[in-house]
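A.B. asks: Give me a 3D structure for the following:
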Amino acid sequence: MSEKASTRVYLVEFDDGALVGFLMRRWSSFFDEAPPSAFGPDRESVLAQLDAKLQQRLANSGETPEMYLWKETFHTRTVRVLSRPATTIDRQPVIGKRELALKLTYAWCKTESGACRVMLPRFGWWIMLEDLETAPKALETALSSALLGAQSEDLYSFRASVSETVVEHRSEVVSATRRSDRGPQITRSVDDPGRFPTLVSVADDWIERSARNRLPKPVGERRSHRAAHLAKQPRSFLLLGESGVGKTTELHFLARQLMRERRAKQRVPGLWSTSADRLLAGMVYLGMWQERILNLVAELEDEDQLLNVGRLAPMVRPQSDGASIASLLQPAMARGSISIVAECTPRELLAARRANASFVDLFEIVEVPESKGADVLEWVRAYAARGEGRKTISAQAAKSAMRLLATYRRDARFPGKAFRFFDALRLDAKVPESPSVADIEESFSRQTGIPIELISDRHTSGFSEVRAKLERGVIGQPVACEAAARAIVPFKAGMNPPDRPLGTMLFVGPTGVGKTELAKQITRTLFSDSKRLIRVDMSEYSSPYSLSRLLESGDGVRSLAEAVRREPLSVVLFDEIEKAHPDVFDLLLAILGEGRLTDVEGRLVDFRMTLILMTSNLGVRDASALGFDASIDANDFRRAVRDHFRPEFLGRVDQLVPFAALTPAALRGIVDLQLALVERREGIRSKGLRLRVSDSAKDALASLGYSPRYGARPLKRVIESHVVTPIAHRIASHPSWRDVDVRIGVPGEAAEIFVSG
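C.D. replies: Modelled structure (predicted):
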């Protein structure tokens with residue numbers, strides 16, 4: 001516990017980095033208001049708002065500072081709660097049979113009595129427990145009962161956040177109030193002009209922030225003309241463009257222009273910025289958020305103020321009662337008494353029109369196209385030379401960066417992707433103050449994981465080199481390695497189709513012959529790290545209801561859409577593709593044909609920088625008859641694939657790659673490869689041990705590690721059992737055993753380790 005009592009703030013972080021803070025209260029009665037809450041871009045802003053709100057609360061209510069003071073140390077945990085939302089049968093609401101899982105984070109602390117206090121500050125709930133281990137069950141019982149029969153929309157407020165933590169805050173407001181014998185004093189915040197109390201609490205004054213250099217300083221003045229003319233006669237407008245083209249930057253330009261005009265004593269509109277999350281923050285009870293929006297509208301009407309609400313999609317999304325923020329703003333917008341600014345992508349615009357076309361029609365659409373060419377070249381050089389960690393970028397080095405970004409980051413747009421690259425360049429300690437082209441290429445390689453051999457013309461990495469590299473990691477499949485090399489080489493030259501994935505290959509052949517291993521080798525070759533392999537087991541998507549799991553999005557979600565959004569430069573492996581439901585193939589058609597996917601929230605996921613691999617066992621005859629060096633006709637594979645898949649699907653597959661059954665020689669090569677990996681393990685290297693494996697022992701390992709049904713898949717387990725484990729036992733029992741040759745043989749040979757059936 002803390003030595004001195006202080007306030008505790010429960011901080012919730014959203015995916016855009018913004019924070020919501022809730023003051024935690026020691027006790028309350030049924031008639032008390034909810035504890036103060038605040039929303040802001042950073043912790044300092046949230047804490048300042050909470051101090052101001054607490055000061056007013058202590059002055060105007062019967063609450064005392066002691067209600068908010070703690071000595072206990074809080075921790076957080078997450079619990080899974082099941083609820084049964086309501087459904088409708090014959091127009092009658094009933095409790096549904098479908099269970100909905102919610103993940104809730106709670107705060108807990110030990111009290112002086114030894115009991116555990118468990119709190120849900122986001123919702124104003126708390127309970128006392130004898131043992132913390134009962135918290136999951138107790139919360140599930142309490143919340144499941146409270147939410148039993150709730151509308152599905154009501155559960156939206158329980159959506160997960162990025163993180164939830166408890167921080168200690170030594171509030172000067174509480175200290176001053178407790179010191180004063182005269183009771184709490186009311187002090188109006190200097191940021192509150194009095195005219196717009198609700199607006200000040202939920203939005204930032206961008207003109208004022210620009211005057212104090214608190215907004216990012218944009219580059220490229222010629223970009224400012226699109227939005228600036230709309231400031232002359234403010235009305236609602238919508239900035240339309242793909243992510244990264246500079247929609248928010250347009251408003252930064254507008255804020256700077258309005259700031260200059262205000263300093264020149266000209267009459268200009270105000271410019272405020274908020275978001276849907278910020279407008280809803282802390283509004284946990286029925287009617288609270290609607291009241292806030294209506295108060296905001298009342299303050300803004302006929303006041304010559306522009307309110308930027310950020311992304312359009314959350315504004316039209318229905319809340320728990322079926323209403324949306326847009327529906328409350330719409331009447332005043334239609335009268336022309338308030339002016340709203342929003343931004344969206346073309347796909348988000350289509351979704352917004354489906355949700356509320358009449359609301360969208362109230363905006364004047366201002367298109368923000370992608371900037372390219374000499375303008376961006378000029379901007380990035382100016383941007384790189386600015387601020388801390390600035391770099392002096394020559395025209396040649398800047399052109400090299402632009403070429404790399406255009407060729408290998410097609411998933412993002414200019415100029416945003418260029419500015420992000422130079423942000424990372426500033427932080428790269430290996431880059432000198434005045435880089436040359438080679439420094440730019442090497443930094444780009446480090447940022448993206450793409451090997452320097454694939455992106456630089458100074459390095460040779462042709463077809464033969466790539467094929468040889470793949471063959472060193474995948475034994476016994478020269479045809480497959482050659483096909484994979486032919487797919488990789490165009491990537492270096494930037495010759496891949498601009499509107500499709502980098503390539504699409506279907507691997508067909510028996511189990512355990514190297515299909516997955518080749519996928520890993522391709523990933524290492526393209527991105528230097530096998531962790532860039534996104535593996536999807538299609539046997540898990542054999543039902544029509546499983547499709548949505550591929551499209552889920554959000555924090556903590558492990559779906560195909562979320563994985564590619566986080567890392568667009570990757571290899572996607574669809575294992576056992578033939579087991580997927582036909583609806584999944586419809587989804588794949590969009591990925592293979594257009595290189596894009598739309599998630600459950602209507603957001604675009606770009607697959608144009610992914611390599612798509614698929615595996616299948618179609619065409620493999622009776623596994624028991626395969627054996628070593630089995631004769632498998634590639635035509636069997638092609639025939640089986642044509643019989644199973646639809647023509648429109650096969651038409652989008654670049655290469656059908658047959659894998660042969662392993663020969664005894666290939667299996668011996670795999671044994672050598674696996675033993676080499678064992679010898680590089682830290683425990684063996686640190687002891688200076690050198691493996692000396694006889695040919696007979698290798699033959700025995702190959703025989704034990706091969707299965708007619710599973711190919712070479714058991715081999716790793718066999719080597720662990722017959723080689724690694726005995727060596728580990730020997731090291732444990734003989735600590736001084738080091739710097740020696742470890743002879744591995746079969747019974748009858750001179751050896752320390754024996755391989756036998």
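
A.B. asks: didn't residue 297 look like it was pressed against residue 329?
C.D. replies: Yes: taking C-beta atoms under 8 Å as the definition, residue 297 is a contact partner of residue 329 at 6.6 Å. Glycine gets a C-beta too; all of them are placed from N, C-alpha and C.

A.B. asks: In terms of neighbours, single out the busier of these two.
C.D. replies: More neighbours surround residue 329 than the other of residue 297 and residue 329, with 24 against 19 (other C-beta atoms under 10 Å).

A.B. asks: Surely that one is in contact with residue 300?
C.D. replies: No: in this structure, residue 329 is not within contact of residue 300 by C-beta under 8 Å, at 9.4 Å.

A.B. asks: Name the residues contacting each of residue 297 and residue 329.
C.D. replies: Residues touching both residue 297 and residue 329 by C-beta atoms under 8 Å, 6 or more residues apart in numbering: residue 338.

A.B. asks: Quick check: phi and psi at the residue positioned nearest the centre of the chain.
C.D. replies: Centroid-nearest residue in the chain, with C-alpha atoms, centre = their mean: residue 566, separated by 4.1 Å. When quoted as degrees, to the nearest 10, the phi and psi of residue 566 stand at phi -70, psi -40.

A.B. asks: overlap in contacts of residue 329 and residue 300?
C.D. replies: Joint contacts of residue 329 and residue 300 (C-beta under 8 Å, 6+ apart) are residue 338.

A.B. asks: so what strands line up beside the strand of greatest length in the chain?
C.D. replies: For the chain, the longest strand by residue count, based on DSSP state E, is strand 100-110. Sheet pairing here is set by DSSP bridges, and for strand 100-110 it gives strand 75-83 (antiparallel), strand 116-120 (antiparallel).

A.B. asks: Between those, which one is closest to residue 318.
C.D. replies: Closest of those to residue 318 is strand 75-83, at 18.6 Å (criterion: C-beta to C-beta).

A.B. asks: list the buried ones in that closest one?
C.D. replies: In terms of neighbour count (16 or more other C-beta atoms under 10 Å), strand 75-83 has its buried residues at 79, 81, 83.

A.B. asks: With distance to residue 118 and pLDDT as extra columns, can I get those in TSV?
C.D. replies: Listed next are the buried residues of strand 75-83 as TSV, based on distance: C-beta to C-beta, whole Å; pLDDT from 0 to 100:
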residue	distance to residue 118	pLDDT
79	9	82
81	13	75
83	18	70
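
A.B. asks: a markdown table please, covering these and showing distance to residue 446.
C.D. replies: Below are the buried residues of strand 75-83 laid out as a markdown table (distance: C-beta to C-beta, whole Å):
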| residue | distance to residue 446 |
| --- | --- |
| 79 | 40 |
| 81 | 43 |
| 83 | 46 |
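
A.B. asks: returning to what we had before: what residues sit buried inside the longest strand of the chain?
C.D. replies: For strand 100-110, the buried set under the neighbour-count rule, 16+ other C-beta under 10 Å, comprises 102, 104, 105, 106, 107, 108, 109.

A.B. asks: can you tell me how far the fifth one sits from residue 131?
C.D. replies: Spelled out, it's residue 107. Between residue 107 and residue 131 the computed distance is 17 Å (C-beta to C-beta, to the nearest Å).

A.B. asks: swap in residue 240?
C.D. replies: The gap separating residue 240 from residue 131 is 56 Å, by C-beta to C-beta.

A.B. asks: Repeat that for residue 575.
C.D. replies: Residue 575 is 44 Å from residue 131, by C-beta to C-beta.

A.B. asks: Equivalent analysis for residue 123, please.
C.D. replies: 23 Å.

A.B. asks: Looking at the two, which is more packed in?
C.D. replies: A side-by-side neighbour count of residue 123 and residue 131, using other C-beta under 10 Å, places residue 123 first with 17 against 10.

A.B. asks: pLDDT value on residue 234, please?
C.D. replies: On pLDDT, residue 234 comes in at 67.
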